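Visitor: Could you work out the structure for the sequence below:
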Amino acid sequence: MEMLSTVLPSTSGGDTATTLMPEAVTFRPTQPYRNVLNTVAEESCPGYCGRIPSSDGNSSTCAACPWGSRVETGGPYCSPCNSPIEIYAWLYLLLVALAPCLFHCLHVRRSVQMFKKHPVSAELAEHLCIILECALAAVAALLVFEPYGSLQLHACRPSRIKQWYTWMHNPTVRFSKTIPCAHEVVYPLQSLPIVYLVFCLINTLVLRTILYAVYVRKHRPARSYYASLFTLPLLGVVNILASGAIYHVFPYVIAVYSLAGQAMHFAYLKPISRADLWEKMFKTPRELTHMIVLMGLFGFSIVSLMVRNGPDDWTVICGFLGLVLAPPIFFTLTPVLTHPIAVNGH
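Guide: Numbering: from 1, shown residues only. This is a model prediction of the structure:
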């Protein structure tokens, strides 16, 4: 009993005996590992999601960045696309601008070939109208993008093809919830062509309708006009679905198309000799114009490849532009070696 009195507190008086029990300590568990992961996750966002900073120092939850901004490497916040657009992107936009013009001119040429008595003045007037439509649409599209009212552009530089298809890379949290973060990471290389095609459609409906009502309709049906109206929406669909692939491979595609087009063009003329080739070429202005366009496309592909893969030295680029003359020279020197009449004559 005496031993117990020294260990347990006394119940007889107000004093408390000495005890051997330790003092009560409040248990404070360490931060769970899950909370650590959540803290790290708050610093960055998955996929192409980003946070929008506010003036009070707080930030939004992970979501799609506003139009004209994206998450840059090294930070979770959406930053505006303020970088000047690069030369290769300008060349891509130039291709987008030329595509409707070339297709419209092709429709006019096919329509004219169906009507032999069609006057040249009506064909020329429609070609000039097409050029005016595309030029006005290009200027209007540039003016409505930042910086507004200027022909310059601010952009976010694309580096990977998947940046063009953010709707395919929406992140999934815990295998159940999908965060919609689809937005234009490559601003404005996807939206500007769509706006340009809309302006082209408006100009075609206004200017070409007036031209056909006043002059062209008197000489041939409006088949090329209706073909142009169908072409513009199709180009818009192609831009939405394949703009990323086109951006990365268009120099190679144009080079192959230009070389194949020149070979088919020279074969269509069926020259017997070099003199016969040049006579057929310069005798018909339409054939000469077609050849110049194909040579221009080949030069365009050379410049695009040099700007993307080589140094931005325009002296070197201009030197490589001399290759534009190589296909015509080759096809000019070889008819006497391949044409059956020329071979049998020798």
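
Visitor: Can you name the residues in contact with stretch 284-298?
Guide: Outside of stretch 284-298, the residues within contact range by C-beta atoms under 8 Å, 6 or more residues apart in numbering are 102, 109, 254-255, 257-259, 261-262, 265, 269, 280-282, 323-325, 327-328. C-betas here are computed from N, CA, C, even on glycine.

Visitor: quick one: buried residues of stretch 246-266?
Guide: By 16 or more other C-beta atoms under 10 Å, the buried positions in stretch 246-266 come out as 246-247, 250-251, 254-255, 258-259, 261-262, 265-266.

Visitor: scratch that, stretch 88-97
Guide: 88-89, 91-93, 95-97.

Visitor: Could you give the number of residues near residue 271?
Guide: Residues near residue 271, counting by other C-beta atoms under 10 Å, number 22.

Visitor: Which residues are in contact with residue 163?
Guide: Neighbouring residues of residue 163 by C-beta under 8 Å, 6+ apart: 48, 185-186, 244.

Visitor: Can you give the distance of the host helix or strand of residue 298 from its chain's centre?
Guide: Here residue 298 sits within helix 285-309, counting by DSSP states H and E. Its chain's C-alpha centre and that of helix 285-309 lie 20 Å apart, by C-alpha atoms, centre = their mean, to the nearest Å.

Visitor: Can you name the element that comes right after it?
Guide: helix 314-320.

Visitor: Tabulate the CA atom coordinates of whatever helix or strand comes next after that next one in PDB.
Guide: The first helix or strand that comes after helix 314-320 along the chain, using DSSP H and E, is helix 326-333. The C-alpha trace of helix 326-333 is given here as PDB (Å, rounded to 0.1, in the frame of the first residue of the first chain):
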ATOM      1  CA  ALA A 326      16.300  23.900-113.300                       C
ATOM      2  CA  PRO A 327      13.000  22.000-114.200                       C
ATOM      3  CA  PRO A 328      12.200  24.200-117.300                       C
ATOM      4  CA  ILE A 329      15.800  23.900-118.500                       C
ATOM      5  CA  PHE A 330      15.700  20.100-118.000                       C
ATOM      6  CA  PHE A 331      12.400  19.700-119.900                       C
ATOM      7  CA  THR A 332      13.600  22.000-122.600                       C
ATOM      8  CA  LEU A 333      16.800  20.000-123.300                       C
END
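
Visitor: what helices or strands is helix 326-333 leaning on?
Guide: Packing partners of helix 326-333 (3 or more C-beta pairs under 8 Å, 6 or more residues apart in numbering; DSSP states H and E): helix 223-269, helix 274-283, helix 285-309.

Visitor: between it and helix 285-309, how many degrees?
Guide: With axes from the mean of the first three to the mean of the last three C-alpha atoms, to 10 degrees applied, the angle from helix 326-333 to helix 285-309 works out at 140 degrees.
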